[in-house]
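>>> Fold the following.
(chains A and B)
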2 protein chains.
Amino acid sequence: MKGNKDDGKRKGGLQVSVLRIGYRPVRDDRMTTHAALVSRAFGAECIYMTEVDPSIKDTIDSVCTRWGRQEFRVKIVKSWKDLARRWKTENPSGKVVHLTMYGININEAIDQLKNESTILVVIGAEKVPREAFDIADFNIAIGNQPHSEVAALAVFLDRIFGGEELAKNFSDARLRIIPTPIGKKVSEVTPDNSG
Amino acid sequence: MKGNKDDGKRKGGLQVSVLRIGYRPVRDDRMTTHAALVSRAFGAECIYMTEVDPSIKDTIDSVCTRWGRQEFRVKIVKSWKDLARRWKTENPSGKVVHLTMYGININEAIDQLKNESTILVVIGAEKVPREAFDIADFNIAIGNQPHSEVAALAVFLDRIFGGEELAKNFSDARLRIIPTPIGKKVSEVTPDNSG
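Residues are numbered from 1 along each chain as shown, chains lettered A, B, ... in the order given. The predicted model follows:
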């Protein structure tokens, strides 16, 4: 697991976790899976979610085994409010950033947010309870138009990490894509060439 | 509809349409809706999709009526291949950009793509047929990791429009959000103050 630690380190030590609140079984399954995949691929440390179909966690674990970042975790929590409060206690200098179309436009807020070192990003399914707005240090809009919490999360992480998250290789990957202008090239990583 | 034209004009005249290929009814409904919402909110002209649940089109039309950009269209096509070929004929200098985890990393390609004036972005559901790679002028990866076509589309549009799409107001909106640090503020736009 040594190599992973370095992969996990972000620019300036920025650490981001994600909290997804609200979940309607079956209907939200794919969105929830995608929210977790985006969290992993775009450099978050973990995603907290309230109870979901166990197959979602299995899907993410399987992706981490094949494509790397085995330190990435899907953490199931009973109460998102308790989690957010606990997170604030444990990270006194951390900031809770709730993504909502009603918030301050990311274009205005990004410079300030880039100075933070520890962030909990909160995203909701369709209807978000008032408490999410209150508990947040920043309510931030990825544009003040209705669209998608998965899209909002991806753009937020891309902006806050300045695109660097998309250039990372994960040393514990079994499979690695060789970027190619056409078709698919995947290399299998053996312990001998995993350096 | 005069005002809309100006809203639709992008930086340097860049025009982007989206083509979503593949669709599994019910299972993909929410992802498809979100792909369409992202296309609208992030500045694409329209989204082409193969036959989908009619309620998806209704949802998008209703969003356009309330939040503006009534010129944005969900266009149902029978064959995505025919559409892509026709689009290429009608836009001889246009470029087809297929978003795929196997492609060239967006970080390497974005400067070149920003010089284009007309783009058809192709996104797929889970499994994309080989022809999509062949028909594309560029196969581009929003990172070479598995995640989400909705996330990929959003980050691509955000990068290509340089964030400007998130600052737009739509003159034909009935509702407009007043960005606020906490809570929700929405103003109803009457013909008198729609300027």
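
>>> Name the nearest residue to A:Phe72, sequence neighbours excluded.
Excluding the flanking residues, the one nearest A:Phe72 by Cβ to Cβ, 6 or more residues apart in numbering or on different chains is A:Arg40, at 4.6 Å. Where you see a C-beta, it was placed from the backbone N, CA and C, and this is true even at glycine.

>>> per-residue confidence at the one you found?
pLDDT for A:Arg40: 98.

>>> now it: how far from A:Leu157?
10 Å (Cβ to Cβ, to the nearest Å).

>>> wait, what's in contact with the residue nearest to A:Phe72?
A:Ile47, A:Ile60, A:Val63, A:Cys64, A:Arg69, A:Phe72, B:Gln145, B:His147 (Cβ atoms under 8 Å, 6 or more residues apart in numbering or on different chains).

>>> List just the nearest of the residues you listed to B:Ile76.
Of all these, B:His147 has the smallest distance to B:Ile76: 26.7 Å, by Cβ to Cβ.

>>> which residues of chain A fall in strands?
A:15-21, A:46-50, A:73-77, A:95-105, A:118-124, A:138-141, A:175-177, A:186-188 (DSSP state E).

>>> Adding distance to B:Asp111, write the ones you listed out as a markdown table.
Shown next, in a markdown table, are the strands of chain A (distance: least, Cβ to Cβ, whole Å):
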| stretch | distance to B:Asp111 |
| --- | --- |
| strand A:15-21 | 27 |
| strand A:46-50 | 32 |
| strand A:73-77 | 36 |
| strand A:95-105 | 25 |
| strand A:118-124 | 29 |
| strand A:138-141 | 28 |
| strand A:175-177 | 21 |
| strand A:186-188 | 27 |
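
>>> List just the one of those that sits closest to B:Leu113.
Nearest to B:Leu113, of the strands of chain A and by Cβ to Cβ, is strand A:175-177 at 19.6 Å.

>>> May I have the distance across stretch A:62-77, first residue to last?
This stretch, stretch A:62-77, spans 21 Å end to end (Cα to Cα, to the nearest Å).

>>> And it, what's buried?
For stretch A:62-77, burial by neighbour count (16 or more other Cβ atoms under 10 Å in any protein chain shown) applies to A:Val63, A:Cys64, A:Trp67, A:Gly68, A:Arg69, A:Glu71, A:Phe72, A:Arg73, A:Val74, A:Val77.

>>> Can you give the contact residues for that stretch?
Taking Cβ under 8 Å, 6+ apart as the rule, stretch A:62-77 contacts A:1, A:4-5, A:7-8, A:36-37, A:39-40, A:44-52, A:56-57, A:60-61, A:83, A:169-176, B:145-146.

>>> Buried subset of the residues you listed, written for ChimeraX?
Command for ChimeraX that selects the buried part of the contacts of stretch A:62-77, burial taken from 16+ other Cβ under 10 Å:
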select /A:4,7,36,37,39,40,44,45,46,47,48,49,50,52,56,57,60,83,170,171,172,173,176 /B:145,146
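
>>> Poorly predicted segments of chain A, please.
A:1-12, A:191-195 (pLDDT under 70).

>>> how does it look with 50?
Low-confidence regions of chain A, defined by pLDDT under 50, span residues A:1-11, A:194-195.

>>> which residue is nearest the centroid of chain A?
Ranked by distance to the mean C-alpha position of chain A (Cα atoms, centre = their mean), the top residue is A:Ser39 at 2.4 Å.

>>> Spit out the contact partners of it.
A:Val18, A:Cys46, A:Ile47, A:Phe72, A:Leu153, A:Leu157.

>>> do the same with A:Ala136
Contacts of A:Ala136 by Cβ under 8 Å, 6+ apart are A:Val96, A:Val97, A:His98, A:Val122, B:Ile182.

>>> on that earlier part again, could you dump the contacts of A:Ser39 to a markdown table with distance to A:Glu131?
As requested, the contacts of A:Ser39 are exported to a markdown table (distance: Cβ to Cβ, whole Å):
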| residue | distance to A:Glu131 |
| --- | --- |
| A:Val18 | 18 |
| A:Cys46 | 22 |
| A:Ile47 | 19 |
| A:Phe72 | 27 |
| A:Leu153 | 20 |
| A:Leu157 | 24 |
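
>>> from the residues you listed, which two are the most distant?
Across those (Cβ to Cβ), the longest gap, 14.4 Å, separates A:Phe72 and A:Leu153.

>>> Next, count neighbours for the nearest residue to A:Lys81 once chain neighbours are set aside.
Nearest non-adjacent residue to A:Lys81, counting by Cβ to Cβ, 6+ apart: A:Glu131, 6.2 Å away. When neighbours are counted by other Cβ atoms under 10 Å in any protein chain shown, A:Glu131 registers 12.

>>> pretty sure A:Ile142 is touching A:Val155, no?
Yes. Counting by Cβ atoms under 8 Å, A:Ile142 sits close enough to A:Val155 to count as a contact (4.9 Å).

>>> which residues are common contacts for the two?
A:Ile106, B:Ala154.

>>> on that earlier part again, just the contacts of A:Ser39 now: which is nearest chain B?
A:Leu153 (7.3 Å; Cβ to the nearest Cβ).

>>> residues in contact with that closest one?
A:Leu153 neighbours (Cβ under 8 Å, 6+ apart): A:Val18, A:Ala35, A:Val38, A:Ser39, A:Phe42, A:Leu99, A:Val121, A:Ile123, B:Ala151.

>>> For A:Val186, give the beta-bridge partners.
A:Ile177 (DSSP bridges).

>>> show me the contacts for it.
Here A:Val186 is in contact with A:Leu175, A:Arg176, A:Ile177, A:Ile178, B:Tyr102 (criterion: Cβ under 8 Å, 6+ apart).

>>> A:Gly22 contacts A:Ile123, correct?
No. Look at A:Gly22 against A:Ile123 with Cβ under 8 Å: they stay out of range, at 9.1 Å.

>>> higher neighbour count, the two?
Shown here are A:Gly22 and A:Ile123; by other Cβ under 10 Å, A:Ile123 has more neighbours (27 against 18).
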